[in-house]
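Undergrad: Output the structure for:
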Amino acid sequence: MVFNRRNCIMKRMVGLILVMVLLSACVLVCPTSAFADSNIRYELERVREDFEQYGIVKAYAGESCIWTYVTETTPRTELETISDLSVYGSTVYLVVNGTLIALNGENGREKWRRDDVGAGNSFVIDYNGTIYVSGFYGPNLVVFSPNGTELYREDNDDYYWVYDLEIRGNTLYIYYDSVTNGVKTMDISQFQGSTGIKIFLGNQELTFDQSPVIVKDRILVPIRAIFEAMGYTVHWNGRTQTAESVKGNDVITIKINQPWISYKVNGTTGSYQCDVAPQIVSDRTMVPLRAVSESAGCVVAWDGIAKTVRITYDK
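TA: The predicted structure is shown next:
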């Protein structure tokens with residue numbers, strides 16, 4: 001009797017181990033490099049069981065998980081129905097089975113969702129927060145404002161099976177498989193509300209290939225453009241997410257999602273605390289204009305009526 005009981009226990013243990021192995025084989029963990037304005041990182045886990053799957057989004061502050069969001073369960077198909085994550089400001093976006101979902105990055109609650117975006121396998125966000133979603137087989141492109149208002153929709157048989165989107169400047173590139181060249185372009189300036197802000201360094205108006213954005217009442221500009229205008233050379237370290245701007249013996253260092261700018265300028269060493277941390281927007285490193293300018297020893301003046309920034313810089 002003892003022998004049979006031991007056999008039974010052993011069989012249950014073996015069965016449990018097999019179940020655990022099978023379940024672990026069904027789970028695909030896809031950590032993303034998505035960060036919000038604050039030092040929060042987000043990870044997506046796709047859980048696949050039998051003929052169904054669902055997604056789990058987790059937010060971490062350091063090593064602590066501060067919230068978890070679980071998507072609805074969807075059928076497993078030959079197409080991936082759960083997109084990767086994307087973050088703009090303090091909002092986390094993903095597409096689940098044809099539905100675009102916007103989550104509050106601080107607490108994980110749904111801000112809004114929009115159905116009927118097709119088999120959305122790819123989406124991008126421009127520097128103003130406008131969202132562009134593609135589907136494998138229609139609709140081929142849907143455009144939403146940051147608050148979820150639909151701005152544009154196209155379902156065109158000429159470019160069936162869209163598989164990727166890319167933004168360069170004010171041009172959206174739509175890649176698809178149904179024609180020889182496989183790419184369509186669109187001018188997206190029609191969807192982008194300009195901030196209307198002008199920035200002067202001395203008497204020279206600065207131009208940017210990516211327009212300045214406003215985050216929490218702070219103006220952010222592309223780091224390379226502003227520092228190169230002041231004569232600095234910018235060195236980017238993708239592994240550490242750090243940018244070091246150098247001019248002679250002067251060095252200014254920023255780190256993505258960290259609110260401190262360290263500097264050594266004119267023999268003075270110190271740090272500057274930003275209200276809004278440097279961040280990546282549409283693959284560009286954006287930095288708070290006043291913080292980096294004052295770190296470099298500039299004087300910054302804002303004219304709210306003319307929406308003009310004037311930077312006085314002693315070269």
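Undergrad: Where does the spatially most central residue of the chain sit, in terms of helix or strand?
TA: Nearest residue to the geometric centre of the chain (C-alpha atoms, centre = their mean): V87, 3.6 Å. Using DSSP states H and E, V87 sits in strand 86-88.
Undergrad: Give the other helices and strands that that strand contacts.
TA: Secondary-structure packing of strand 86-88 (3 or more C-beta pairs under 8 Å, 6 or more residues apart in numbering; DSSP states H and E): strand 27-35, strand 91-96, strand 120-125. (Glycine included, C-beta is placed from N, CA and C.)
Undergrad: Show the average pLDDT along that strand.
TA: The average pLDDT for strand 86-88 rounds to 85.
Undergrad: What of stretch 306-314?
TA: Mean pLDDT, stretch 306-314: 85.
Undergrad: ditto for stretch 101-110
TA: Mean predicted confidence for stretch 101-110 is 93.
Undergrad: Can you pull out the residues in contact with it?
TA: Here stretch 101-110 makes contact (C-beta atoms under 8 Å, 6 or more residues apart in numbering) with 36, 38, 40, 42, 57, 59, 67-69, 71, 87, 89-95, 111-113, 148.
Undergrad: I'd like to know how far the residue lying closest to W112 once chain neighbours are set aside sits from S134.
TA: Excluding the flanking residues, the one nearest W112 by C-beta to C-beta, 6 or more residues apart in numbering is G148, at 4.1 Å. Between G148 and S134 the distance is 17 Å, computed by C-beta to C-beta, to the nearest Å.
Undergrad: quick one, which of these two is more surrounded?
TA: Remark: of G148 and S134, S134 carries more neighbours, 29 against 13, as counted by other C-beta atoms under 10 Å.
Undergrad: my guess is that one is in a strand, correct?
TA: Yes - residue state for S134 (DSSP: H, G, I helix; E, B strand; the rest coil) corresponds to a strand.
Undergrad: What's opposite it in the beta bridge?
TA: Judged by DSSP bridges, the bridge partners of S134 are S122.
Undergrad: who's in contact with it?
TA: Contacts for S134 (C-beta under 8 Å, 6+ apart) come out as G118, G120, N121, S122, F123, N140, L141, V162, Y163, D164, L165, I174.
Undergrad: circling back to that earlier point, need the least confident one among the helices and strands packed on strand 86-88, by mean pLDDT.
TA: Among the helices and strands packed on strand 86-88, strand 27-35 scores lowest, with a mean of 43.
Undergrad: Show me what secondary structure element comes after it.
TA: Toward the C-terminus from strand 27-35 - assigned by DSSP H and E - lies strand 41-49.
Undergrad: for that next one, packing partners?
TA: helix 2-26, strand 27-35, strand 52-61.
Undergrad: Output stretch 128-137 as CSV, nothing but the C-alphas.
TA: Extracted in CSV, the C-alpha atoms of stretch 128-137 (Å, rounded to 0.1, in the frame of the first residue of the first chain):
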residue,chain,number,x,y,z
ASN,A,128,3.0,65.8,-30.8
GLY,A,129,1.5,62.5,-29.5
THR,A,130,-0.6,61.7,-32.6
ILE,A,131,-0.9,57.9,-33.0
TYR,A,132,-0.8,56.1,-36.4
VAL,A,133,-2.0,52.5,-36.5
SER,A,134,-1.7,50.0,-39.3
GLY,A,135,-3.4,46.7,-40.0
PHE,A,136,-2.5,43.7,-42.0
TYR,A,137,-5.7,43.7,-44.0
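Undergrad: How far off centre is it?
TA: How far stretch 128-137 lies from its chain's middle: 13 Å, per C-alpha atoms, centre = their mean, to the nearest Å.
Undergrad: What's the mean pLDDT across that stretch?
TA: For stretch 128-137, mean pLDDT rounds to 80.
Undergrad: Can you list the buried residues in it?
TA: Neighbour counts over stretch 128-137 (16 or more other C-beta atoms under 10 Å) mark N128, G129, T130, I131, Y132, V133, S134, G135, F136 as buried.
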